[in-house]
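**Student:** Build the 3D model from these lines:
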Amino acid sequence: MFDDRILSIEALPFLWPYALCALVAYLMGSIPFGLILTRLAGQGDIRKIGSGSIGATNVLRTGNKTLAAATLLLDTGKGAAAVLIGQYYGGPDFAVIAAFMVIVGHLFSVWLRFRGGKGIAAGLGVMLALAWPAGLIALVVWVVLAAVIRISSLASIAAAASAPIAIWFVTHDVQYAQTAALIALLIIIKHHSNILRLFRGEEPRIGKKT
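**Tutor:** Numbers count the residues shown, from 1 in each chain. Model (predicted):
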């Protein structure tokens, strides 16, 4: 991604745009839209119900489909926006930095003591911005599995795992595929509690109130 200049002190002026890109993307990802929207709607703290996540699936457990849809759109939008802004100002290098850091921000928000969501909607936005056909493939994987098994976490894990394969198939870009793989790994790790509940048969189904 970078050349030999990053190994020298003289590289500092060269590096600051990359650091700024990473910081801006992280802060964009850190915005907890699910928490903000549910509090504004008088639904309380979304982290105290269901899975404790701030994402759209957990917002849906409040019974408010409008809030869930808004959360989905905003989380997807911030993922896509970070990548597109990075792409506009710095090309592919900035795009992949922004892609990774916006997900890190969503998963480990500075405003929530480095806790956050599970990264699926933001990840979808990232994939759509990097290569929209790959994003659509991952979305189809999620929709089909969610419709069949009605378990969001399992559909999400499968969609995340499919993303690096889809983006490689679509773009043949090693950098994009590696970034997608790192993002998928973070998302799957973030689902560790869901994976344990899946093994115990305790994972709630989509739309179930808690």
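
**Student:** show me where the chain has helices.
**Tutor:** Counting by DSSP state H, one finds helices in the chain at the ranges 12-30, 33-40, 56-60, 65-107, 120-130, 132-149, 152-171, 174-190, 192-200.

**Student:** May I have the fifth one exported as CSV, CA atoms only?
**Tutor:** Taking C-alpha atoms only, helix 120-130 is exported to CSV below (Å, rounded to 0.1, in the frame of the first residue of the first chain):
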residue,chain,number,x,y,z
ILE,A,120,-23.2,-5.7,9.4
ALA,A,121,-25.0,-2.7,8.1
ALA,A,122,-21.8,-0.6,8.1
GLY,A,123,-20.0,-3.4,6.4
LEU,A,124,-22.6,-3.6,3.7
GLY,A,125,-22.1,0.1,3.1
VAL,A,126,-18.4,-0.4,2.8
MET,A,127,-18.7,-3.3,0.4
LEU,A,128,-21.2,-1.4,-1.8
ALA,A,129,-18.8,1.5,-2.0
LEU,A,130,-15.7,-0.6,-2.7
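
**Student:** how far out from the middle of the chain is that helix?
**Tutor:** The chain centre lies 6 Å from the centre of helix 120-130; the measure is CA atoms, centre = their mean, to the nearest Å.

**Student:** Could you pull up the mean pLDDT of it?
**Tutor:** What helix 120-130 shows for mean pLDDT is 97.

**Student:** Check the last one too.
**Tutor:** Model confidence over helix 192-200, given as mean pLDDT, is 91.

**Student:** Show me how far that helix is from its chain's centre.
**Tutor:** The answer for helix 192-200 is 20 Å, by CA atoms, centre = their mean.

**Student:** now swap in the third one and tell me
**Tutor:** Per CA atoms, centre = their mean, the displacement of helix 56-60 from the mean C-alpha position of its chain is 14 Å.

**Student:** Buried ones in it, by neighbour count?
**Tutor:** 56-60 (16 or more other CB atoms under 10 Å). Yep, even glycine has a C-beta here, placed from its N, CA and C like the rest.

**Student:** ok, now the last one?
**Tutor:** Residues 194, 197 are the ones in helix 192-200 that count as buried (16+ other CB under 10 Å).

**Student:** one step back: mean pLDDT lowest for which of the helices of the chain?
**Tutor:** Across the helices of the chain, helix 56-60 gives the lowest mean pLDDT, at a mean of 86.
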